[in-house]
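K.L.:
output the structure for:
(4 chains)
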There are 4 protein chains.
Amino acid sequence: MALMTRDDYVASLRSLKRRVFIMGEEVDNPVDHPLVRPSLNACAMTYELARQPEHAGLMLVTSNLTGQPANRFTHRHQSAADLVAKVKMQRLLGQATGCCFQRCVGMDAFNALDSVTYEMDQTLGTGYHARFRRYLRQVQERDLVVDGAMTDPKGDRRLSPSQQADPDLFVHIVDRSSDGVVVRGAKLHQTGALNSHEIILMPTQALAEQDQEYAVACAVPADAPGIVMIYGRQPSDTRKLEGSRLDVGNREFGGHEAVIVLDDVFVPWERVFMAGEYGFSRLLVERFAGYHRQSYGGCKVGVGDVLIGAAQSLARYQGTDQASHVKDKIVEMIHLNETIYACGIACSAEGKATASGTYLIDPLLANVCKLNVTRFPYEIARLAQDIAGGLLVTLPSEKDLANPEVGPYLVKYLHSVDRYPTEDRCRMLRLAENLTLGPGAAAYLTESMHGAGSPQAQRIMLARLAGLEEKMRLARKLAGIEEQEA
Amino acid sequence: MALMTRDDYVASLRSLKRRVFIMGEEVDNPVDHPLVRPSLNACAMTYELARQPEHAGLMLVTSNLTGQPANRFTHRHQSAADLVAKVKMQRLLGQATGCCFQRCVGMDAFNALDSVTYEMDQTLGTGYHARFRRYLRQVQERDLVVDGAMTDPKGDRRLSPSQQADPDLFVHIVDRSSDGVVVRGAKLHQTGALNSHEIILMPTQALAEQDQEYAVACAVPADAPGIVMIYGRQPSDTRKLEGSRLDVGNREFGGHEAVIVLDDVFVPWERVFMAGEYGFSRLLVERFAGYHRQSYGGCKVGVGDVLIGAAQSLARYQGTDQASHVKDKIVEMIHLNETIYACGIACSAEGKATASGTYLIDPLLANVCKLNVTRFPYEIARLAQDIAGGLLVTLPSEKDLANPEVGPYLVKYLHSVDRYPTEDRCRMLRLAENLTLGPGAAAYLTESMHGAGSPQAQRIMLARLAGLEEKMRLARKLAGIEEQEA
Amino acid sequence: MALMTRDDYVASLRSLKRRVFIMGEEVDNPVDHPLVRPSLNACAMTYELARQPEHAGLMLVTSNLTGQPANRFTHRHQSAADLVAKVKMQRLLGQATGCCFQRCVGMDAFNALDSVTYEMDQTLGTGYHARFRRYLRQVQERDLVVDGAMTDPKGDRRLSPSQQADPDLFVHIVDRSSDGVVVRGAKLHQTGALNSHEIILMPTQALAEQDQEYAVACAVPADAPGIVMIYGRQPSDTRKLEGSRLDVGNREFGGHEAVIVLDDVFVPWERVFMAGEYGFSRLLVERFAGYHRQSYGGCKVGVGDVLIGAAQSLARYQGTDQASHVKDKIVEMIHLNETIYACGIACSAEGKATASGTYLIDPLLANVCKLNVTRFPYEIARLAQDIAGGLLVTLPSEKDLANPEVGPYLVKYLHSVDRYPTEDRCRMLRLAENLTLGPGAAAYLTESMHGAGSPQAQRIMLARLAGLEEKMRLARKLAGIEEQEA
Amino acid sequence: MALMTRDDYVASLRSLKRRVFIMGEEVDNPVDHPLVRPSLNACAMTYELARQPEHAGLMLVTSNLTGQPANRFTHRHQSAADLVAKVKMQRLLGQATGCCFQRCVGMDAFNALDSVTYEMDQTLGTGYHARFRRYLRQVQERDLVVDGAMTDPKGDRRLSPSQQADPDLFVHIVDRSSDGVVVRGAKLHQTGALNSHEIILMPTQALAEQDQEYAVACAVPADAPGIVMIYGRQPSDTRKLEGSRLDVGNREFGGHEAVIVLDDVFVPWERVFMAGEYGFSRLLVERFAGYHRQSYGGCKVGVGDVLIGAAQSLARYQGTDQASHVKDKIVEMIHLNETIYACGIACSAEGKATASGTYLIDPLLANVCKLNVTRFPYEIARLAQDIAGGLLVTLPSEKDLANPEVGPYLVKYLHSVDRYPTEDRCRMLRLAENLTLGPGAAAYLTESMHGAGSPQAQRIMLARLAGLEEKMRLARKLAGIEEQEA
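P.N.:
Purely as a prediction, here's the structure:
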């Protein structure tokens, strides 16, 4: 067993026989597709940094399953310190890639499944936990990227799974045998799907008895028969096809999401971790969402660091970095970014052990964290656009810069503070555009809004977890109101 | 003389011999270029709606120069009611196009130059006003689109025009003769440049004596020798090259900006409206900016209407339109949008006549209007993304929808409330994407931030116009503090 | 007939035989009570300024009922210009008093009743309008202050009037005879009740048939038998009893609210303007609320001017007025304050004639205005506290300043910029305290929240008035979606 | 040695011979003064809760100086866990008192002085640290309340201490002898001054060489000759003199601030911890401020809990607690409150040991914490007022409720949901008033703004601590810009 190198990782992906469609065409190997490669680069950073000694403390752990070194992305958190280290690792990777590096959903799925299978077994006498641990051990040993797939299409939002006109709008078990189950449906918005070796399927919401067959959690190889992946478009995605070195903004990295269609996929029992136990679907969803809401307190902060750096760079290139209003806006960006980080750290530091021994974040604070993530990146992006100036959306293409007739005009007229080349300014503008209006904005803004649950999902949790009755009791006591009324 | 039809307009543009570069290549006639055509369509709506009887009240005026009907875009505002009608016309066009229709800068330049040339003549004994009126009469008679070009590259923002290492970083007069002047420099961010017959150049800021030759205002034909236009990229611009009927979001309309290079362009005196009168550059800038800050109180509100409509449509398609949090977010979007509109109306209704008879908006309220425009569209866009859901940035391409293998999967799995076709939902998602992360966002967000001056420019005006001394006097009086201290 | 002087006004109030309780004691004549006098002073300013030639344009009108000069507070708005003038008058009075001057509710009631009685008569064949006009003529001729009383106690908010355990929790008719009606109930939060000659009662919400007897509008003299008024406490109210010249903050002016109990009050038919026409209660409520939501776009802006002036004064006294962050906060206060004003102006300028000829504000924009009033004063107050410094809530009393032992310490240690006396700084701090945490905050903050309806009331109106279907149509058209689906 | 009981504490205060002025009069023993007693009650809770077994974990520590149990308020933080416990203790006390309990400034001063004296000695060879430890040991053994006094009057804010017209506007050493130093000046806004046994003086800002004699830190007994304390007024303070059981809102607890005048106070060397080492004044200020900015992440959150409880209670009393907009506002209040808490926890969990072994919070996150404290309580208060309704500022006095004539009217008309007595509603309204517009607002709002430094102080720290150069490097790397330019 060994931690994979970047090259191992790419080779292992290439060896998969997946069915993938991109922009209307089936693609033999998405690994080499220019729309996918930047996102592969980002995910590969989780392997690369793990081999750099200065990052080993954050990236590597000693597995409590194997006793061997493992990548933290495959790790069960063993302490609050582990939870804190997770957030710091995510900030580091956000800084290094300026985008979504896609490996968190699997990590969060492992940790959620670990405690939920344990508690399910305790309550129902099932045997999922040991099975899950065997699976996880394998993931650690093989150092895999696993997609944690939760979000179903959901159809008409007013209807439960079994009430939908089409029963497949939530993933469900359509057949069971002694060998395993067959699942049908689809998962949307699957971050990093094309860069994953495996997919863990989980139910998307709390379920009632009539929705029993929708309560399914299991792991499938990315190239299992019946799986089809369809690449999702992002703003300005096709600049990656232009052979651009400048207009892409983020030169090397990007992200992607895909629709994963499950057209009657067979899953052997050894890979099934929930099959009908609808009463535990809520717990699984909340645990997974809790971890993933914590995650955003790290990764988006790292991307925020990049955007703040881009804004400050542009101010310096343009000669405005000493203007008091610019300095004030930079401080505001920092403040908002660090407020998110504080929430990420706090829900981790307040983490507690679950019955399986795996540590869980503080759920109230993790929801607070995510709710801030649905707001502050938008304001940070707005302030970045304020500092960047209108050129962000009026800059001619890099082909104009290269054109012998008009290139010199652009070099002349877009030059600003003397010591900085015009091209640097253009590159930095494109990076800021990428993060606020381009493919990076898909991750930094829209995914911040909806990933790990849309804001209303967090608000519902806050109402439930806040202890309102106790707060009312405090108020009554200070107001001098007798206690009987509660 | 007659108002042009849409066809006249397109033909008149086609007859110009302009030098235009798009994505690194010189383009013979930008009128037919797929990256430009949507913006031409938007500008053409200013002609089309003018011929629709139900909109004549807003779109047409009786010219006070010719006594003939004229398009309001070529009109000198003759009353506060005219100023109000201008804002309503802009909202109408924003609604009809969902983008920037590009003809406002010229209108705002006409009105600013009208009063400033008058006052300049009164003070300095120059003869610019009559000359300008002759020019404007011609514009009205020929029903032209005129680009109002103000923003210079500015180089190092800490330095005045004459302090820059390169003297051309602000447009300036490099030669004068009995026939006219020769100007050199560039104008950035020129909205609708490729759809304009003419360009009015204006200085970009208050100027001191040493910057005298930078105080130049004049009109040049878009195809005058020495003019080169370079198209500016927008997010997802190349979707327009894909032959898309869906992924573009806004099927027909768009906008564009361009860099206009002025490589020693000769301007005869008859078209020169300021040439060295640096003491009036501040007034011209403030008047133009004042009108343009008002404009945003109309056009962006119209686009806001479209985005609110898109969000509400998506909620309905997805079955969430009756959820209380969605209704509340829609109300918030309405509230913010109408607050901008209220500011647009207020600065118009409080308009006053200038010495030339042309009406000027209330400058304090126009700045308040624009400052809200630098904020609220961003929050409206954020709320629209909240309602739209993550599919906004993960939806596969229309080519996938059309693909016989995966298209049916998408139709099945992206279906939501029964009565609405999946394709409608996809179209609406793409419109929302266009307006919040695509080419529409360039206009609805970034241009809202920087057009007519970045927010700090408005703040400086507010400090100047607010009457702080009087407010302090009011406070002292109520606090019982003697008056001598002022 | 003549417009009253301030002295006439005070004398006329003194001649009333009212039943008034203040702080647990019945008070013979509230006119002289130190808790009431500052609010009387504020209301009296509506008489004083009407006699100052420089304010006649705003304060006086020619009555369209009598042909004589009348105070605008008793006027039926005859044009959009009248509506605009109303807002400007209110800003002027807010500036002059730094508090609520209490005469607007009557004005807004007159205008609402004028059009509603007209339309009621048209629809139902009743005869209320002529009766109301006779009453209003008298009010104009006698130049009266009339309290517009709408807000009922409402009991359990989930229940309609007739569903309440106690039927009196909304004002209702308990007896009818050929002479008139007898009403019972109470009105809460009655601004300026103790300074009013008359009270106009109106229903507080839309009513259904079973609530018919709650549909009552009528006018009663403030000293009608059965009326009892109970003064409502405000923060720091009793400083007015300390003989303070400094700690009160606002030396002369204040406001008050009262509970008005109607213990079987007889009203002759000549003074009854609605009695059972429940179908028109919603219209009356919406019209009155519409006018009153406009009003806040004037009065609160005037108070905002005072608070901005206080903050700027404190910055100057303390030597911080040139700090960039302080200047920026002052600009932000101005911006928010003027945004409210813009909404007040806009809903007025867009006013339209009703069937009775009286002009009505634009209801959508008036609700937008008020919704901003529920937010921005709080932020202005927060910024004022930021600039003022902590001394706002730690300043010793004026008795300490006067104490021979510790007074000199305070004069020495609270001295700041040399040219400004310590006492001036203390006075200004007390004014800022008054407006942000004292009795002034009751009006500037809490009343801004709830007066003319709490924010949710405005939101409901926005949803109803915004034209969402049309906005959806605009979006569908741009997205290329066929029209049949609407 | 023993931890004091509440009675011990009161007795110990009573035995002091202090000079105290309240509302213009010298007061023999402030312990019994009704304006002071509520704040004494609050401070006494730090003793009471320390004796309750269920709170021992938070309230008590084993002193690392004496090996004996000590109150955490006298403790040197020995770990990050200690820092976290501090915040939780503060939240508990905020919940229990609904106000400022005043003992934090001393705790924060101890911890700041501990590490700074150590580092000062290391650098300069001085002997302050051992001296300070002896002093602190005594404080622990005697279980004292110590006021940490930092804020000087500052005079003209543009001038340094020695530039002021009056040299006493910052506390300074006016005489030195072999016995000790004599200090003169004043400290403003001294929270809990009248409830303290001792006062620790510290410089208020970074100092340069010419301000050397202003660099003074020392401890003085509260009744040292030359000390005069002058009570600072709070909104509605005199309700405490009315014998109120209801109108005070918070029945038992309150806070206070005072001006402390130091009229040539002698301090023996044994109690002097800095005397002229101006180079360390910045460090001391930053360390103290850092701890105190953390503190607000606990105490204000506890008060926020009370205010949320009051708002929710009022909603329930009034029948609105199930309205979706009310539920949403409660969630928003929770979210903002917990965001502050998350920042308090995060800066603690990320704390690190200083050279003296005492743990210091993470300074960046502590500043982020405090900056949020200058904003969110204001918004929480605004939302509380929204939910509470206008009665918050129009409720008649408790004397009216008790009056036999009007009391029954009020009981009848202010009754809401059946099961809740009118009086409970009134009590809860007064609590909400106390916290948003009364004496509680002085602490919950204005002190949140200015305590531990005004917002601009935090912003300056954020700019300094954020690592902008590193963020720019990240951006350049992703944009593909060569590194040489840094």
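
K.L.:
write out the residues of the stretch 101-250 of chain A neighbouring chain D.
P.N.:
Listed as neighbours of chain D in the stretch 101-250 of chain A under the rule C-beta under 8 Å from any C-beta of the partner chain: A:245, A:246, A:249, A:250. Quick note: C-beta positions are derived from backbone N, CA and C, even for glycine.

K.L.:
want to throw those into JSON lines with neighbour count and pLDDT?
P.N.:
Below are these laid out as JSON lines (neighbours: other C-beta atoms under 10 Å in any protein chain shown; pLDDT from 0 to 100):
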{"residue": "A:245", "neighbour count": "10", "pLDDT": "89"}
{"residue": "A:246", "neighbour count": "22", "pLDDT": "97"}
{"residue": "A:249", "neighbour count": "29", "pLDDT": "98"}
{"residue": "A:250", "neighbour count": "25", "pLDDT": "98"}
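
K.L.:
what about chain A, any weak spots by pLDDT?
P.N.:
Applying pLDDT under 70 to chain A flags residues A:1, A:483-486.

K.L.:
and the strands in it?
P.N.:
For chain A, the strands defined by DSSP state E occupy A:20-22, A:25-27, A:60-62, A:69-71, A:146-149, A:172-176, A:180-191, A:198-201, A:216-221, A:227-231, A:257-268, A:272-275, A:352-353, A:359-360.

K.L.:
okay, those in CSV with distance to residue D:109 and mean neighbour count next?
P.N.:
Listed next are the strands of chain A as CSV, based on distance: least, C-beta to C-beta, whole Å; neighbours: other C-beta atoms under 10 Å in any protein chain shown:
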stretch, distance to residue D:109, mean neighbour count
strand A:20-22, 63, 25
strand A:25-27, 66, 15
strand A:60-62, 41, 18
strand A:69-71, 46, 22
strand A:146-149, 49, 28
strand A:172-176, 63, 17
strand A:180-191, 49, 23
strand A:198-201, 53, 26
strand A:216-221, 54, 24
strand A:227-231, 60, 25
strand A:257-268, 53, 22
strand A:272-275, 55, 23
strand A:352-353, 33, 12
strand A:359-360, 36, 23
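
K.L.:
could I get these as JSON lines with distance to residue B:149?
P.N.:
JSON lines is the format used below for the strands of chain A (distance: least, C-beta to C-beta, whole Å):
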{"stretch": "strand A:20-22", "distance to residue B:149": "42"}
{"stretch": "strand A:25-27", "distance to residue B:149": "44"}
{"stretch": "strand A:60-62", "distance to residue B:149": "58"}
{"stretch": "strand A:69-71", "distance to residue B:149": "56"}
{"stretch": "strand A:146-149", "distance to residue B:149": "51"}
{"stretch": "strand A:172-176", "distance to residue B:149": "61"}
{"stretch": "strand A:180-191", "distance to residue B:149": "43"}
{"stretch": "strand A:198-201", "distance to residue B:149": "55"}
{"stretch": "strand A:216-221", "distance to residue B:149": "59"}
{"stretch": "strand A:227-231", "distance to residue B:149": "42"}
{"stretch": "strand A:257-268", "distance to residue B:149": "41"}
{"stretch": "strand A:272-275", "distance to residue B:149": "64"}
{"stretch": "strand A:352-353", "distance to residue B:149": "63"}
{"stretch": "strand A:359-360", "distance to residue B:149": "60"}
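
K.L.:
could you dump those strands into a markdown table and include distance to chain C?
P.N.:
A markdown table is the format used below for the strands of chain A (distance: least, C-beta to the nearest C-beta, whole Å):
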| stretch | distance to chain C |
| --- | --- |
| strand A:20-22 | 24 |
| strand A:25-27 | 24 |
| strand A:60-62 | 45 |
| strand A:69-71 | 44 |
| strand A:146-149 | 30 |
| strand A:172-176 | 30 |
| strand A:180-191 | 21 |
| strand A:198-201 | 33 |
| strand A:216-221 | 35 |
| strand A:227-231 | 22 |
| strand A:257-268 | 21 |
| strand A:272-275 | 40 |
| strand A:352-353 | 37 |
| strand A:359-360 | 37 |
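
K.L.:
just to revisit the earlier point, chain C: which of the residues of the stretch 101-250 of chain A next to chain D is nearest?
P.N.:
Closest approach between those and chain C, by C-beta to the nearest C-beta: residue A:249, at 27.6 Å.

K.L.:
my read is that that closest one contacts residue A:428, right?
P.N.:
No: using C-beta atoms under 8 Å, residue A:249 is not in contact with residue A:428, being 9.1 Å away.

K.L.:
out of everything not next to it in sequence, what's closest to the residue of chain A found nearest chain C?
P.N.:
Closest contact between chain A and chain C, by C-beta to the nearest C-beta, is at residue A:324 (3.6 Å). Once flanking residues are discounted, residue A:324 sits nearest to residue C:324: 3.6 Å by C-beta to C-beta, 6 or more residues apart in numbering or on different chains.

K.L.:
what about that neighbour, how many neighbours?
P.N.:
For residue C:324, the neighbour count with other C-beta atoms under 10 Å in any protein chain shown is 13.

K.L.:
so it sits against residue A:322, correct?
P.N.:
No: contact criterion C-beta under 8 Å: residue C:324 and residue A:322 do not qualify, at 11.2 Å.

K.L.:
hmm, back to that, isn't the residue of chain A closest to chain C right next to residue C:322, touching?
P.N.:
No: using C-beta under 8 Å, residue A:324 makes no contact with residue C:322, being 11.2 Å away.

K.L.:
still on that earlier bit, and for residue A:249 and residue A:428, which residues touch both?
P.N.:
Common neighbours of residue A:249 and residue A:428, using C-beta atoms under 8 Å, 6 or more residues apart in numbering or on different chains, are residue D:479.

K.L.:
residue contacts, the closest residue to residue A:412 other than its chain neighbours?
P.N.:
Among residues not flanking residue A:412 along the chain, residue B:166 sits closest, at 6.6 Å (C-beta to C-beta, 6+ apart). Counting by C-beta under 8 Å, 6+ apart, residue B:166 touches A:412, A:415, B:155.

K.L.:
using ChimeraX, define a selection of the buried residues within those residues.
P.N.:
Remark: buried members of the contacts of residue B:166, expressed as a ChimeraX selection using 16 or more other C-beta atoms under 10 Å in any protein chain shown:
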select /A:412,415 /B:155
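
K.L.:
quick one: the longest helix seen in chain A to strand A:216-221, angle?
P.N.:
The residue-count maximum for a helix in chain A (DSSP state H) belongs to helix A:281-318. Helix A:281-318 and strand A:216-221 are oriented at 60 degrees to each other (axes from the mean of the first three to the mean of the last three C-alpha atoms, to 10 degrees).
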